[in-house]
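Visitor: Here's my sequence, what's the structure:
(one chain, ligands or ions: 1)
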Amino acid sequence: MTPAGLARYETTLAGLERKGRRRELMAQGGVDFSSNDYLAFAGSTRLAAAVTAALQRGTPVGAGGSRLLRGNHPEHVALEDEAAAFFGAERVLYFGSGYAANAALFSTLPQRGDIIVYDALVHASAHEGIQASRAQAVAAAHNDVEAFARAIEQWRNDGGIGHPWIAVESLYSMDGDRAPVPELAALAERHDGFLVIDEAHATGVYGPGGRGFAAGLENRANVIVLHTCGKALGVSGALLGASAVLCDYLVNRARGFIYSTAPSPLMAAAVREALRMLVDEPQRRTDFDTLRAFANAELAAKIGVEGSGSQILPVLIGDNGRAVRIAARMREEGFDIRAIRPPTVPEGTARLRIAITLNVDSQTITRTFTRLAAIMAEEKP
Ligand SMILES: Cc1ncc(COP(=O)(O)O)c(C=O)c1O
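Guide: The predicted model follows:
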């Protein structure tokens, strides 16, 4: 390799540095204001015990192959059956990650001649699948049901003959606001279309028993719901709920499902336990609701920023450098707050993304927001 072969990568990294957009891996540390471990399941003794018990009954660490070959372990199957019953879906498929599930579903299910109308703020993993799809795709203004409707009508007027696909998150990962799910479901019905709802940040914490905002819609043939397991469930992977025929189609056609080693059966056992914890430990959700409401009120009181209402509290900074400086100073003082910059969020909207989890208590929230207000005032725009 000539030095020039690597120099181009260094040039790009230097460019990112100049724009305040270079990222680096940082050691974990400080009070948790940046994980998605909303119910503090990840470090729970119950999940650890479930994995130990699974090991003791002979569950292998590795699946040893893809699901279609030797890797289809009874733990995967039991998880999928239990998750289907829990969420009220006809069938559920377990993927190794939410990213893989979104990439698989959008690249596989919408067909040539269909249109995907996606919310302007959907996650990178949905974009990954949409880019690979044979269907055409268009963005709709964030949470604007009329914009979704207009895009579908325009496509029909232009001769679109397939089915429309509406792609949204029920709770947006960087803004913490909710999608108008019932209105979008009605729109999908009206246009003989499909609705894909990514519940990544809602699963476990919202809806009846933590079933998410799409609870009650999951048995519809035209609704596909993604429950990621790495956030409130504290484990990893993703449960995709859909009609049996769509799941069967994915098993036959989704390259990311077919040509990939199955997730660890131990992880499937842990996800099964996480679902049982949602049922057995409702107090966690009650505590979470109280803490979330408290954090929203404190954000307004101490920082003068209106909260999203949810556990994801964006504090808009705008300038990349200032966002990075404020976050770094907070971390120096032991508060793990991260700056989120473009391209993860739109240009000019760099922000601190404060996530509220049961890993913190109310006094810590007050202390943190008080310090944040002072540091924000010192770090002038
Ligand atoms: C909305 C949304 N969808 C999908 C994903 C991907 O899920 P996973 O972390 O399991 O790959 C994330 C995680 O960042 C997310 O926020």
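
Visitor: OK, now which residue of the stretch 1-150 of the chain is nearest to the ligand?
Guide: residue 98 (2.3 Å; C-beta to the nearest ligand atom). Using the backbone N, CA and C atoms, a C-beta is placed for each residue, glycine as well.

Visitor: how far away is residue 330 from residue 367?
Guide: Using C-beta to C-beta, to the nearest Å, one gets 11 Å for the distance from residue 330 to residue 367.

Visitor: For the two, indicate the residue with more neighbours.
Guide: residue 330 (24 against 17; other C-beta atoms under 10 Å).

Visitor: what secondary structure does the more buried one sit in?
Guide: helix (DSSP: H, G, I helix; E, B strand; the rest coil).

Visitor: from memory it sits against residue 371, does it?
Guide: Yes: with contact defined as C-beta atoms under 8 Å, residue 330 counts as touching residue 371 (7.0 Å).

Visitor: Give me every residue in the stretch 1-150 of the chain lying close to the ligand.
Guide: 97, 98, 99, 102, 123, 125 (C-beta under 6 Å from any ligand atom).

Visitor: Buried ones only from these, please, as a PyMOL command.
Guide: To isolate the buried subset of these in PyMOL, counting by 16 or more other C-beta atoms under 10 Å, use the following:
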select buried, resi 97+98+99+102+123+125
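
Visitor: Tabulate the residues of the stretch 1-150 of the chain next to the ligand (JSON lines), appending pLDDT.
Guide: Shown next, in JSON lines, are those (pLDDT from 0 to 100):
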{"residue": "97", "pLDDT": "98"}
{"residue": "98", "pLDDT": "98"}
{"residue": "99", "pLDDT": "98"}
{"residue": "102", "pLDDT": "98"}
{"residue": "123", "pLDDT": "97"}
{"residue": "125", "pLDDT": "97"}
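
Visitor: biggest separation within the residues of the stretch 1-150 of the chain next to the ligand, which pair?
Guide: Using C-beta to C-beta, the two most remote members of these are 97 and 123, lying 11.8 Å apart.

Visitor: wait, does stretch 264-281 make contact with the ligand?
Guide: No: using C-beta under 6 Å from any ligand atom, stretch 264-281 stays clear of the ligand, coming no nearer than 11.4 Å.

Visitor: got a list of contacts for that stretch?
Guide: Residues outside stretch 264-281 that contact it (C-beta atoms under 8 Å, 6 or more residues apart in numbering) are 39, 41, 44, 46-47, 50-51, 53-55, 59-63, 73-76, 78-79, 82-83, 86, 94, 204, 209-210, 229, 233-237, 239, 284-285.

Visitor: count of neighbours near residue 21?
Guide: Neighbour tally, residue 21, other C-beta under 10 Å: 17.

Visitor: Could you do the one 4 residues further on as well?
Guide: Residue 25 sits with 4 neighbouring residues when counted by other C-beta under 10 Å.

Visitor: Over to the one 5 residues further on?
Guide: Residues lying near residue 30 (other C-beta under 10 Å) number 16.

Visitor: Ok, residue 68 next?
Guide: 13.

Visitor: could you pull out the helices for the stretch 151-300 of the chain?
Guide: 181-190, 244-253, 255-258, 265-280, 282-298 (DSSP state H, counting those that start in this stretch).

Visitor: show me the residues around residue 63 that make contact.
Guide: Per C-beta under 8 Å, 6+ apart, neighbours of residue 63: 70, 71, 73, 76, 261, 262, 263, 264, 265.

Visitor: Repeat that for residue 203.
Guide: 210, 211, 212, 227, 228, 229, 231, 232, 233.

Visitor: Next, the contact list for the last one, please.
Guide: The contact partners of residue 233, taken as C-beta under 8 Å, 6+ apart, are 41, 203, 204, 227, 271, 274, 275, 278.

Visitor: let's go with 6 Å and repeat that
Guide: 204, 274 (C-beta atoms under 6 Å, 6 or more residues apart in numbering).

Visitor: I'd like the numbering to begin with 858 instead of 1 from here.
Guide: Let's use 858 as the start, then, which means that last one is residue 1090.

Visitor: Now it. Its backbone dihedrals?
Guide: phi -80, psi -10 (degrees, to the nearest 10).

Visitor: picking up where we left off before, out of the helices of the stretch 1008-1157 of the chain, deepest packed?
Guide: helix 1122-1137 (a mean of 21; mean count of other C-beta atoms under 10 Å).

Visitor: I'd like the average pLDDT over stretch 1162-1179.
Guide: The average pLDDT within stretch 1162-1179 is 96.

Visitor: so after the helix or strand hosting residue 950, what's the next helix or strand?
Guide: Assigned by DSSP states H and E, residue 950 belongs to strand 948-952. Scanning forward in sequence from strand 948-952 by DSSP H and E, the next helix or strand is helix 955-965.

Visitor: circling back: ok, which of the contacts of residue 1060 also contact the ligand?
Guide: Within the contacts of residue 1060, those near the ligand by C-beta under 6 Å from any ligand atom are residue 1085.

Visitor: Tell me the one of the contacts of residue 1060 nearest residue 890?
Guide: For these, the minimum distance to residue 890 (C-beta to C-beta) is 14.8 Å, reached by residue 1088.

Visitor: in what helix or strand does the residue nearest to the closest one when sequence neighbours are not counted lie?
Guide: Nearest-residue entry for residue 1088: residue 893, 3.7 Å, with adjacent residues in sequence omitted and distances by C-beta to C-beta, 6 or more residues apart in numbering. Under DSSP H and E, no helix or strand contains residue 893.

Visitor: Now do residue 893: how many residues are near it, please.
Guide: Around residue 893 there are 18 residues (other C-beta under 10 Å).

Visitor: Next, it: phi, psi?
Guide: phi -110, psi 20.

Visitor: Could you do residue 995 as well?
Guide: Torsion angles, degrees, to the nearest 10, at residue 995: phi -150, psi 140.

Visitor: I'm done for today, thanks for sticking with me.
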